[in-house]
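>>> Give me the fold of what follows.
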Amino acid sequence: MTESATSGARGMTVESAFAGMRSVPPVMFRAGCPDCRERFELTASALRLAIGATSRTTFYSFTCPECGASVRKPAGERIVELLTGGGVRTLRLHSTV
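Numbering: from 1, shown residues only. Sure thing, here's the model as predicted:
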């Protein structure tokens, strides 16, 4: 490196380094409640994903913001990809066999 290249980096502040960055809006997931039939959007923090040994034991869950019902729905491969990619917390279930 040349002296001019390194001296410019030393004079950079954190504020100037991040000045052009914008905040990213949170990922929103569309969902529906089977109890009250309401449709709404949820953030990743409102959802939980449980990955089991089979497709029958892999599901996601949330609490309906309208009626308060606990909702549990099956999650296939594509749903698992979308939820994990969107930052949903994941619990891996282990079999006892």
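
>>> Could you state which residue of this structure sits nearest its centroid?
Gly87 (2.1 Å; C-alpha atoms, centre = their mean).

>>> Tell me the predicted confidence for the closest residue in space to it that isn't next to it in sequence.
Once flanking residues are discounted, Gly87 sits nearest to Ala44: 4.0 Å by C-beta to C-beta, 6 or more residues apart in numbering. C-beta coordinates here come from the backbone N, C-alpha and C atoms, glycine included. What the model reports for Ala44 is a pLDDT of 96.

>>> Surely Ala44 and Pro26 touch.
Yes: the pair formed by Ala44 and Pro26 meets the contact definition of C-beta atoms under 8 Å, at 6.9 Å.

>>> Look up how far Arg22 lies from the residue nearest to Gly87.
Counting by C-beta to C-beta, to the nearest Å, the separation of Ala44 from Arg22 is 19 Å.

>>> Equivalent analysis for Gly85, please.
Per C-beta to C-beta, Gly85 is found 20 Å from Arg22.

>>> Kind regards, and thank you for your time.
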